[in-house]
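> Take a look and give me a structure for this.
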Amino acid sequence: MSVGIRRRWKSTNPELISSLFVPVQIEPATNSGQGEDIGEEFTGKLNRDEVLKAMNAFYRRPEMKRLAEEHGLDSRLFHQAFISFRKYCVKSQTLPVELHILLSDLIQSQNLSPSAQTNHIDDLFPYFLQHAKKCYPHLECMDDLRQISDLRSPANWYPEARQKQRKVIFHAGPTNSGKTFGAMEHYLKAKSGIYCGPLKLLANEVFHKANDRGVPCDLITGEERRLMNPDGGSSSHIACTVEMASTQVAYEVGVIDEIQMIRDTARGWAWTRTVLGLCVDELHLCGEAAAIDLIKEMLLDTGEDLEVKTYKRLTSLTISDRALQSFDNIQDGDCVVAFSKNDIFSITRAIEQRGRSCAVIYGALPPGTKVLQAKNFNDPEHGTNVLVATDAIGMGLNLNIKRVIFYSLVKPTVNEKGEKDMEQLSTSQALQIGGRAGRYRTQYAEGEVTTFRPEDLATLQEIMAKPIEPIETAGLHPTAEQIELFAYHLPKATLSNLIDIFVGICQVDDSVYFMCNIEDFKFLADTIQHVPLPLKTRYTFCCAPISRKQPFVCSIFLKFARQFSRGEALTFDWVTSQLGYPFAIPDTIAELQHLENVFDVFDLYLWLSYRFQDMFPDQERMRATQHELDNIIHQGVSKITKLIQQANLAQSETTDTRQSSSNTSRRDSGRNRSQPEGDAVVEPVKDSQKLTLKSQILTRRPRGSALLNRK
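Predicted coordinates:
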């Protein structure tokens, strides 16, 4: 992306915007015994059939549609508002006096010549427009809504940062290049500093490193606060996850790690916020060089320059000319990378059947379990000499890997609309994961990358040889204050609807920014829509870091919201009664996965406890129990092969039962069906199996075939 002043505003389809507005229901007026109908007293009772004819004549007038459009009513809104207006006029027991008299005059003059008519059907428009504005309150405040949702200058949202002339340094380099080390030295030597990382693991690592160096440092994540000052005050240094960074507190040095995540469709807004908003004298950005031009473009609006320091990899990394082909060829220090949990489990079993012990790391595991699995793998005395993992190893863990083996080159992704797809690994992803091989100052200083299947090897070589595609846009997200202002103007709209309207009419400079995916937020908003909560509380609940793809966690989230709305504290006893406490070491894969979900429920509780301390009072007890659960999950993962065998045995018993039942049924029916007796019972293919199958098919495409679509 060339750097220069160029702006392109997001264009929105007016019809798409209008579809976001839900009409307010206007009930027909009743007399309610409140006296005489003055309109009826003046002109007599209206004939409903004649009123209906007058209404329909009004609707058919092209001039009325054009006039309505001038007042913000497109064809859809005009139609919906007219339906409501007609129903109101026809079914109301009493109408406003002026409207009653006008309708009476229109009915009586229908048979008169135009010159003799005292009123025209067009005279209904002011009454229609008044009714339409009650149906669609946004017609009165559209200019205000557009101003509130104007996101074209996000740099101006942070006045504290704009009062400083920050020095901004970009530390650009690949994995294992020492780029973050250089930035951290500035951070540790400063009088005060803030570190912003993508993971709790990274924030925790910096927290310990700083305090070990004698630099007082606090840890702040969504679920945890660890203050080192005995009197409870803040330390000079903060290590936090990027979403938790303050833009009001001033520091001497700020470090933003993994800056390339500014393009992330779900969390990119947090990196945008810290790049533009950290109130520091010196700002250090660490990550891929692909983000350099985008950062320069963003800094045009802040008036700041960008200094770039480039780093080269400290160890060698080569692409093997031979694929693994068989798990018989696994060696000490190998890491097999797959992108589905089913693959992780099957690979682990296959390797352990060959007499090796595996460490297992994937995204759903608790941080403590990941650290312990990594520790076992790194320890040459432990006997765990092979790692099986997802791309969760790409950041946050120090791993002594000799060789990375890609089991597949396609992975499931989620686009900006929240839709799931399969995409071939990008150069950035391949280098991030493959670059974990060959760690500096370990026994595996020389790294190697290969594939499991021979037919994937040429594709991997092609991917890793390409330059990394420049990052073109940074994420944005509506703030609680913006949504609160929207709700003031649209009090009848649901939170999910408010978000849709905001995204629909917001103005974004789409040459630099994009609106992050908010499907999880909207799902949570719809889940608790019927629960009576104040808007700001509802918004905070919906910002909780949980996914709509976790039904158990979402069901507990709903229970939390209901309990909160009743004003009843969420105590340890109440919460654990919903979770099957006390917990036992899992005997099956299903039990292990359930405990992973339970761990996320503890995270949810702790996250909410820092925002509503009075209603979530048992923070420390919950944290201690979560730590015990982390150890239980680690023990379950450590015997994962046994769990897989149990799952396979249970599935085999189920299949045998079905086969026996099917054979008995065929015998009882005298084999009258067309199916031969020897046909096997075919189990339904699960979604996860379909995903794996699609992955295998896509990676086996001929080399000359077109690559999968990318964002």
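
> Now for T302: which residues touch it?
Shown in contact with T302 (CB atoms under 8 Å, 6 or more residues apart in numbering): A155, A161, R162, R166, L276. Every residue, glycine included, has its C-beta placed from N, CA and C.

> Confirm it sits in a helix?
No. According to DSSP: H, G, I helix; E, B strand; the rest coil, T302 belongs to no helix; its state is coil.

> oh, and call the first residue 38 from now on, that's how I've got it
Got it, the first residue is 38 from now on, which makes the last one we talked about T339.

> before we move on, back to that, okay, and which of the contacts of T339 map to helices?
Counting by DSSP state H, the contacts of T339 place A198, R199, L313 in helices.

> from the residues you listed, which would you call buried?
A198, R199, L313 (16 or more other CB atoms under 10 Å).

> from the ones in helices among the contacts of T339, which is closest to R98?
Of all the ones in helices among the contacts of T339, L313 has the smallest distance to R98: 51.0 Å, by CB to CB.

> so where do the helices sit in the stretch 188-337 of the chain?
196-199, 216-226, 237-249, 305-314, 329-336 (DSSP state H, counting those that start in this stretch).

> any idea how far R473 is from N213?
Relative to N213, R473 is positioned 8 Å away (CB to CB, to the nearest Å).

> Which of the two has more residues huddled nearby?
Neighbour tally, R473 and N213, criterion other CB atoms under 10 Å: the higher count belongs to R473, 27 against 20.

> Would you mind giving both backbone torsions of the more buried one?
phi -70, psi -20 (degrees, to the nearest 10).

> just checking, what packs against the helix or strand where L409 lies?
Secondary structure from DSSP states H and E places L409 in helix 404-415. Helices and strands touching helix 404-415, by 3 or more CB pairs under 8 Å, 6 or more residues apart in numbering; DSSP states H and E, are helix 237-249, strand 394-398, strand 421-426, helix 656-675.

> Now distance to A511, mean neighbour count and mean pLDDT too, for these, in TSV please.
As requested, these are arranged in TSV below (distance: least, CB to CB, whole Å; neighbours: other CB atoms under 10 Å; pLDDT from 0 to 100):
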stretch	distance to A511	mean neighbour count	mean pLDDT
helix 237-249	20	20	96
strand 394-398	29	23	95
strand 421-426	29	25	96
helix 656-675	34	18	96
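
> Quick one: closest of these to K90.
That would be helix 656-675 among the helices and strands packed on helix 404-415, by CB to CB, at 67.5 Å.

> Next, the angle helix 404-415 makes with that closest one.
40 degrees (axes from the mean of the first three to the mean of the last three CA atoms, to 10 degrees).

> What is the burial count for the nearest residue to K228 once chain neighbours are set aside?
Spatially, and ignoring its direct neighbours in sequence, K228 is nearest to E289 (5.0 Å; CB to CB, 6 or more residues apart in numbering). For E289, the count of nearby residues is 17 (other CB under 10 Å).

> try the one 10 residues further on
Counted by other CB under 10 Å, the residues lying close to I299 total 28.

> Could you do the one 10 residues further on as well?
The burial metric for T309, expressed as a neighbour count using other CB under 10 Å, is 24.

> so the residue nearest to it when sequence neighbours are not counted bridges to which residues?
Leaving aside its sequence neighbours, T309 sits nearest to A511 (CB to CB, 6+ apart; 4.4 Å). With DSSP bridges as the criterion, A511 is bridged to Y550.

> Assess the claim that A511 and F551 are in contact.
Yes. With contact defined as CB atoms under 8 Å, A511 reaches F551; the gap is 7.4 Å.

> more crowded one of those two?
A511 (26 against 21).

> Quick check: the two most widely separated of the contacts of T339?
Farthest apart among those - using CB to CB - are A192 and R203, which lie 11.6 Å from each other.

> What number of residues are in the vicinity of D624?
14.

> let me fix that: A307
So A307, with other CB under 10 Å, has 23 neighbours.

> ok, it to Y642 distance?
From A307 over to Y642 (counting by CB to CB), the distance is 22 Å.

> so where do the helices sit in the stretch 538-687 of the chain?
Going by DSSP H, counting those that start in this stretch, the stretch 538-687 of the chain shows helices at 556-564, 572-579, 588-602, 609-614, 626-646, 656-675, 677-705.

> I'd like those laid out as TSV, including distance to E492.
Formatted as TSV, the helices of the stretch 538-687 of the chain follow (distance: least, CB to CB, whole Å):
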stretch	distance to E492
helix 556-564	35
helix 572-579	45
helix 588-602	37
helix 609-614	50
helix 626-646	30
helix 656-675	31
helix 677-705	27
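
> Which stretch among those approaches K333 most closely?
helix 556-564 (30.6 Å).

> buried sites along that closest one?
Applying 16+ other CB under 10 Å to helix 556-564 flags E556, D557, F558, K559, F560, L561, A562, T564 as buried.

> Just give the nearest non-adjacent residue to I505, would you?
A327 (4.4 Å).
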